[in-house]
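Undergrad: quick check, what structure comes out for this input:
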Amino acid sequence: MFSGRYEHSLDEKGRVSLPAKFRETLKKDYANDKLIITTMDGCIYCYPYQEWKVLEEKAVSFDLVKPEDKNFMRLFFSGAMECIPDKLGRILLPPTHRDYAGIKKEVTLAGMLKRIEIWSKERFDEKILKPSQEGNGSASLSEMASRLGI
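TA: This is a model prediction of the structure:
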C-alpha cells in the first residue's frame with residue numbers, strides 16, 4: 001500500500017517523478033506500473049490499474065437516473081486517463097488535470113493506501129497541513145486516530 005508524503009517539481013513537459021517507494025509498491029504489490037489518473041477533491045488521484053478495475057465494477061451499480069450519481073460519474077470517470085511511468089519513473093500530468101488541481105511547478109505526492117494523490121504543494125499546505133498544525137479540526141483528527149487505535 002502507498003504511504004508517505006513527498007515533494008517534487010514538475011519538469012518542463014509537465015511530468016513528475018513518482019517516489020521510488022511508490023514505484024516499488026506498484027511493482028511488488030500490483031505486478032506492473034500502469035496507473036489510471038483522474039481528478040477529485042482538488043487534486044489528481046492515481047490508482048494502480050487493478051484498483052481502478054475494482055472501482056469500475058462497483059460503479060456499474062450506480063443509478064444513472066439520479067443526478068448525483070450521474071454527476072459523480074461524469075467528473076470521476078470522464079477524467080480518467082491511462083498513465084504509464086517512463087524508464088525514469090516519471091508520469092505526464094495532462095494540462096487539464098494540472099489546471100483542475102492548481103498545479104504549476106511544485107507538487108506534493110501523498111500515499112493514501114490504495115491510491116496516490118498529487119496535489120499542488122501550495123494547495124496541500126493550505127488545505128491539509130495548515131489546518132492540522134493550527135489545531136483546526138483537531139477533535140475530528142483525534143477521533144480518526146482513535147479509530148485506528150492510536
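Undergrad: is it true that Ser17 touches Leu93?
TA: No - Ser17 is not in contact with Leu93 according to Cβ atoms under 8 Å; the separation is 11.4 Å. Quick note: C-beta positions are derived from backbone N, CA and C, even for glycine.
Undergrad: pick out the least confidently modelled helix or strand of this protein, by mean pLDDT.
TA: For the chain, counting by mean pLDDT, DSSP states H and E, helix 138-147 ranks last in confidence among helices and strands (a mean of 69).
Undergrad: now whichever helix or strand Leu109 is part of, how far from the centre of its chain.
TA: Using DSSP states H and E, Leu109 falls within strand 106-111. Put simply, strand 106-111 sits 9 Å off its chain's centre (Cα atoms, centre = their mean, to the nearest Å).
Undergrad: try stretch 37-49
TA: Using Cα atoms, centre = their mean, the offset of stretch 37-49 from its chain centre is 4 Å.
Undergrad: who touches that stretch?
TA: 26, 29-30, 32, 34-36, 55, 75-77, 79-81, 83, 91, 93, 97-98, 100-103, 114-120, 123-124, 127 (Cβ atoms under 8 Å, 6 or more residues apart in numbering).
Undergrad: ok, of those, which come out buried?
TA: Buried members of the contacts of stretch 37-49, counted by 16 or more other Cβ atoms under 10 Å: 26, 34-36, 55, 79-80, 83, 91, 93, 97-98, 100-101, 103, 115-120, 123-124.
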